[in-house]
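**Student:** compute the structure for the input listed below.
(one chain, ligands or ions: 1)
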Amino acid sequence: MFVLDSHCDTPSQILRLRDLSLDNDHAHVDFPKLARGGVDGAFFAIYVPASLGQVEAEAYADLLLERLNVTMEANQDKAAYAQTSDQAFLNKEKGLFSVFIGLENGSPLGTSLEKLQKYYDQGVRYMTLCHSADNEICDSCAAAKRWGGLSPFGREVVREMNRLGMLIDVSHISDDSFYDVIRHSSKPVVATHSCCRALASHPRNMTDDMIKALAAAGGVIQINFYPFFLDDGFRKVFDASGLAEKEHIEAEFIKDPADEKKRQSWNQVQDEIQSLQRPSYTRIVDHIDHVVSLVGIDHVGLGSDFDGIEVTPEGMEDISKFSLVFDEMRRRGYTEEDIEKVAGGNFFRVFDQVTA
Ligand SMILES: [Zn+2]
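**Tutor:** Residues are numbered from 1 along each chain as shown. You can find the predicted model right below:
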């Protein structure tokens with residue numbers, strides 16, 4: 001069995017001076033934790049904030065890619081890049097963790113298909129079409145809906161990603177954008193880190209109808225671990241806590257990651273958020289159950305969003321606990337074959353079809 005997490009925001013943490021070779025505190029992902037968690041590979045997201053214009057966005061993505069390359073160079077005894085499932089299985093045989101690269105936000109492209117080719121050539125194998133704002137490609141689920149779905153350029157991007165063999169990630173895009181992607185893509189697509197809206201009403205989550213359309217096209221939804229996406233109850237708990245007022249402390253730390261006091265302050269806020277009543281990690285399996293009840297076992301997997309979330313489910317504090325999801329699935333009567341599919345088999349089925 002190959003255990004894959006399809007979405008970790010770890011490159012952003014490298015920018016905040018995390019050394020992935022160490023077992024860091026206040027961290028979700030590093031090589032020691034991945035090893036303890038039995039995780040064999042992950043997509044590391046090159047996350048580009050929607051606030052950046054095209055030129056800045058491209059420079060930021062390039063910086064993250066460069067820092068990730070330096071990290072990989074320094075950890076050759078522990079990890080290696082993979083761009084296909086075959087490479088990942090080979091890495092596993094050699095005892096190496098596989099890092100796949102995903103680009104989270106198409107904003108660095110501006111309106112250039114050549115830039116898509118550039119990121120493909122640098123090893124990027126999925127692209128999340130947008131983040132928290134509409135961009136030149138499509139509308140975001142969190143924004144004003146500039147295009148009413150995919151833009152004309154966005155349709156070209158879909159066609160070009162199909163041609164290149166780059167996986168289309170529909171997490172973060174608006175419902176209309178999602179249906180446009182399903183209409184225009186000749187290959188199956190993936191939601192690399194999304195939950196079910198039937199269980200938690202957040203607009204980042206997918207409706208039952210969207211999950212059915214995704215599965216009918218051969219795709220997969222990878223369940224996100226963010227408490228706000230898992231359970232509406234956490235929104236109420238968080239809002240009542242008053243901790244939203246302290247979120248600017250993270251922005252201050254990000255601006256100045258070498259400042260130890262700012263790091264401590266942000267760590268303390270994270271501790272306060274983690275001390276709230278959080279949904280149990282078994283809620284992740286509730287979302288798996290829901291997808292299975294809609295479309296069967298072949299269309300669901302795991303994309304934690306670790307290192308991109310400031311709070312985790314109870315019992316799933318970092319990636320070293322990843323396999324507890326599989327234990328809970330066993331308790332609920334899933335077979336080993338089912339678990340293998342959720343752990344990575346389903347994602348790789350789609351990935352192989354797209355990259356072939
Ligand atoms: Zn995301």
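**Student:** avg pLDDT for the longest helix seen in the chain?
**Tutor:** The single longest helix within the chain, with elements called by DSSP state H, is helix 54-74. Helix 54-74 shows a mean pLDDT of 98.
**Student:** elements contacting it?
**Tutor:** helix 10-15, strand 41-47, strand 79-81, strand 97-104 (3 or more Cβ pairs under 8 Å, 6 or more residues apart in numbering; DSSP states H and E). (C-beta placed from N, C-alpha, C; glycine too.)
**Student:** check the ones you listed for me and report the most buried one.
**Tutor:** Scoring these by mean neighbour count under mean count of other Cβ atoms under 10 Å gives strand 41-47 as the most buried, with a mean of 28.
**Student:** run through who's touching that strand.
**Tutor:** Under the criterion Cβ atoms under 8 Å, 6 or more residues apart in numbering, residues 2-12, 29, 34, 61, 64-65, 68, 82, 88, 91-92, 97-105, 124-126, 128, 131, 192, 303, 308, 344 lie in contact with strand 41-47.
**Student:** if we go to 7 Å?
**Tutor:** Contact partners of strand 41-47, identified using Cβ atoms under 7 Å, 6 or more residues apart in numbering, comprise 2, 4-12, 61, 64-65, 68, 82, 88, 97-105, 126, 192, 308.
**Student:** ok, now stretch 60-78?
**Tutor:** Residues contacting stretch 60-78 (Cβ under 7 Å, 6+ apart): 11, 14-15, 20-21, 31, 44, 46, 48, 52, 79, 81, 96-97, 99, 103, 108, 122.
**Student:** quick one: the helix or strand hosting Lys236 to chain centroid distance?
**Tutor:** Following DSSP states H and E, one finds Lys236 within helix 232-241. Distance, stretch centre to chain centre, for helix 232-241: 23 Å (Cα atoms, centre = their mean, to the nearest Å).
**Student:** please spell out which residues along that helix are buried.
**Tutor:** 234, 237-238 (16 or more other Cβ atoms under 10 Å).
**Student:** and which of those residues is nearest to Val285?
**Tutor:** Phe234 (16.6 Å; Cβ to Cβ).
**Student:** so the closest one is in contact with Pro279, correct?
**Tutor:** Yes: in this structure, Phe234 is within contact of Pro279 by Cβ atoms under 7 Å, at 5.7 Å.
**Student:** where exactly do the strands run in the protein?
**Tutor:** Assigned by DSSP state E, the chain shows strands spanning 4-8, 41-47, 79-81, 97-104, 124-128, 167-169, 190-191, 220-223, 300-302.
**Student:** please convert those to a markdown table, extending it with distance to Asp338 and mean pLDDT.
**Tutor:** Shown next, in a markdown table, are those (distance: least, Cβ to Cβ, whole Å; pLDDT from 0 to 100):
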| stretch | distance to Asp338 | mean pLDDT |
| --- | --- | --- |
| strand 4-8 | 15 | 98 |
| strand 41-47 | 20 | 98 |
| strand 79-81 | 28 | 98 |
| strand 97-104 | 23 | 98 |
| strand 124-128 | 24 | 98 |
| strand 167-169 | 23 | 98 |
| strand 190-191 | 19 | 98 |
| strand 220-223 | 14 | 98 |
| strand 300-302 | 10 | 98 |
